[in-house]
Structure formats: structure tokens, C-alpha cells
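Undergrad: Provide a 3D model corresponding to the input given below.
(one chain, ligands or ions: 1)
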Amino acid sequence: MYKNINKCRLCRSSNLSIFFNLGKHQPSNSLKKNLNQKIPSIPLKLLFCKSCKTVQLADTADPKLLFEQYVWVTGTSDGARKYSKIFYSRLRKKLVKKKNFVCEIASNDGTFLKIFKKNGDIVLGIDPAKNISIEANKNRIKTLPDFFDEKLSNKIKKKYGYADLIFARNVIPHVENILSILKGIENLVNKDGTVAIEFHYAKTILDELHYDSIYHEHLFYFSIQTLTKLFKKYNLFPYDVDLSPISGGSLVIYFSKAEKKVSKKLKKLIDYEKKIKINYLKTWQKFYKDSNKHSKNLLKLVKNIKRNYNIFGYGASARSSTLLNYSKINNKYLDFIIDKNPLKKDKFTAGTNIKIISISQSRNKIKNYKFCILLAWNFRNEIIKELKNLKFTGKVIIPLPSKTKVYDI
Ligand SMILES: [Zn+2]
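TA: Numbering: from 1, shown residues only. The predicted structure follows:
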């Protein structure tokens, strides 16, 4: 089910230090069909590699357990659809040719490739989640149901030639065998091509206490410095960066095989990382202390409210699973969680056994409630709009970023 690492996944050093133990959690996406279903629990611990400074999980869950039936569908979020347009226009600027061969690693339902295809590029998605790659192919986004590595990159190269653009959104931090992906990217990308890597940024995780972003799929917690050091080993050199709203604060770093001039924006962010000592164990130990305190206070608040009022949640995301499990907020406190994703409807949350219902199922229910906890808080604007549409008139509890806030909707 899982294996404990005794050497860093990236540099093989055994000089590792565990600084945050969240206990054993059931995989966040292993939602139960009924409450009798038995699901294994897997340790969730963060460690710091004193050699390459990369923060990572101490245990690797079997990826088959995590990804094969992965239930996240990009297209279900309005925010993701809007962002895909911004993402597209930024990437377009990095392209030299008019018609390009564009590859996305872990392309999900193909939402982000669709726009490239519409604008005349040849697109290819790669995604190991079989159910979702079938959907993507139905939507005419050619998608290979496979893990991307050097072997697959050779196959792709043979059929399509070199890629002008390869992008990977929030996937590099999720793969144990990251080095074989990097070999594949190095092998497949064109000499004047671009590789765009989007990842949940360690600086935001630290600043805003995103401890809910620690879950089994999320193996690495990169800073710009740790990520670029790794990519340089594969002859991929960073030259620019953009901020992204994904996960409540991400970065997109652009790499190329030819060393290009590094943008001012990128230099500035690297300087800032050095200033705040992002790659120091002490900084991460403080993150643990602050997160632990935040989670205890959140449970206290929920307990207090529950004395007089019933509470429901919104958003059964992977992150909400960690937040609920670590804070010990279970079906004793929350009556149900609303989620838009039809694949999650009528299931129960991993470890905390809270029923997930659809928007239409919630329609008559939520008028009687005074409190809603926004678990997918990184989509707060979208969710508040939705709650208003549903005529919810109570208060929302927004656990993060940084501090829990409660206010009238
Ligand atoms: Zn290391």
C-alpha cells in the first residue's frame, strides 16, 4: 500500500528530518460508497532533505491506489475554465512557430489543451487516470492513458516528432518517479521549445498555512530554488515565471534547453526566497507549529458552533480531506458536504465519513442552516456566489488562508 523512504527521492541523501507528522490518513480521493467499506490508512508526514533542501512526504502511497480512479475533473470548475484562457495566452507568447506540437502531462479532461487545438496546434494529452482519459478522447482531445516517462516520450517522438511546448500543471510535485518524467521531457522537447511547470508554491504554503495541501498525492513541496536545481540536472534552464491562482497560490516556471536570459521577475522571486530562508528546516518547523495551532483552534470553533447550530460543508476536495482529518472534524460535526463533481455524489469522505451531496440535493436542505464551512476555500468567490444562488443566508466559516474567518454571506 505504501513505502517509507530512507533516501531523498531526488538526491538520494539519507540526511532527512521529519518535522510534521499528520498521523495516518485514508487517501483523500478514496471516497466510500458506503460506510462499511474498509479503506487502508497511510501515514502522512513531511520531511526536509538536508542535502537538496526539498520538502517531501516521508511515505509513498501506491500510485495505483491514488490515481487510477482519480475523481478530479478540471472542467467542473468555472475558475479553472477561466484560468485556462489566461494560461493559454501566456504560453502562446513563449511559442516561436505558428503551428506547434503541444503536449500536456497529466492532461485530465483536456480543458487546457482544447484552446491550443482550437487555435491550430496539434495537441496530445497524457493521463494515467483511465476513466478521465476516456472522457477526454470522447471530447476529441487525443489522450494516452499512461504514465509519462522516457519510454513513452520515445514513442511520442517517433509518431509526432519533437514537442514545441510541454506543460505540466500541478503534476511534477505528485510523482514519485519525477526523475524519469524529467528524462522524458528532456528527450521530447524541441531545442527552441518551452517547458512550463506549474506547482503549488512553497512560499504561499508557508505564508498562508496551506497545511491542507499536504495529502498523499502531493509528494514534493517545491521552492523555485529546489525545483530549478533539479531541472538543471536535465539541461532544462529556467528563464521566466508567472503567478497562478491555482491551489490558492502557484507558480508557472518556464524552462528551455538553450540557456536564455533570466527575467527580472524570476530573479526577484529567487532573491526573496533567500531573504525569507525558504530552504531552511527551521522555517518549516515553524510552519508545523503554526499549522497545528490553527487546526486546534478550528476544531474548537466548530465545536462551539455545533453546541447551538448544525453545520454543513462545501467542497469535498483532496485538501478538505486533510483539513478535516487533521483537525478531527468528522460527521459528528458536519451533516453533509456539497460538491459539484457528479463522480462524488452520494459517497462519504475518506476517514471522516461525511456524506457528499450534489447542488440539487442541497437545494431544500440548506435554508435551515446557519453555518457553512468552506472547505474548498481556494474557490471561495465561486462558492459564495453559488451559496447565494441557493438562497443560503447564514454565515460562512473560511478556515484559510492564514486565519479562520467567519462572516455573514
Ligand atoms: Zn535531497
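Undergrad: does Cys103 lie in a helix or a strand, and which?
TA: Secondary-structure element containing Cys103, defined by DSSP states H and E: strand 101-105.
Undergrad: give me the buried positions along the helix or strand just after that strand.
TA: As assigned by DSSP H and E, the chain's next helix or strand after strand 101-105 is helix 111-118. Across helix 111-118, burial judged by 16 or more other CB atoms under 10 Å covers Thr111, Phe112, Leu113, Lys114, Ile115, Phe116. Where you see a C-beta, it was placed from the backbone N, CA and C, and this is true even at glycine.
Undergrad: what residue in the stretch 301-409 of the chain comes nearest to the ion?
TA: The ion sits closest to Thr322 of the stretch 301-409 of the chain, with a gap of 23.6 Å, by CB to the ion.
Undergrad: check what pLDDT that residue gets.
TA: For Thr322, the model assigns a pLDDT of 97.
Undergrad: are we agreed that it is in a helix?
TA: Yes. Thr322 forms part of a helix when assessed by DSSP: H, G, I helix; E, B strand; the rest coil.
Undergrad: could you pull up the residues touching it?
TA: Listed by CB atoms under 8 Å, 6 or more residues apart in numbering, the contact set of Thr322 reads Leu22, His25, Ser28, Leu44, Tyr211, Asp212, Ser213, Ile214, Tyr215.
Undergrad: and stretch 207-224, how far from the chain's centre?
TA: Distance of stretch 207-224 from its chain centroid, counting by CA atoms, centre = their mean, to the nearest Å, is 8 Å.
Undergrad: what about the nearest residue to Lys50 once chain neighbours are set aside, neighbour count?
TA: Using CB to CB, 6 or more residues apart in numbering and skipping the chain neighbours, the partner closest in space to Lys50 is Asn15 (4.2 Å). By other CB atoms under 10 Å, 12 other residues sit near Asn15.
Undergrad: same check on Lys403?
TA: 12.
Undergrad: neighbouring strands - and their directions - for the longest strand along the chain?
TA: Secondary structure of the chain read by DSSP state E shows that its longest strand is strand 189-200. Strand 189-200 has the following sheet partners, assigned by DSSP bridges: strand 163-169 (parallel), strand 250-256 (antiparallel).
Undergrad: tell me which element Gly23 falls in.
TA: Using DSSP H and E, Gly23 sits in strand 16-25.
Undergrad: among the strands paired with strand 189-200, which is nearest the ion?
TA: Per CB to the ion, nearest to the ion of the strands paired with strand 189-200: strand 250-256, 19.0 Å.
Undergrad: my guess is Arg380 contacts Ile398. True?
TA: Yes. With contacts counted by CB atoms under 8 Å, Arg380 reaches Ile398, the gap being 6.1 Å.
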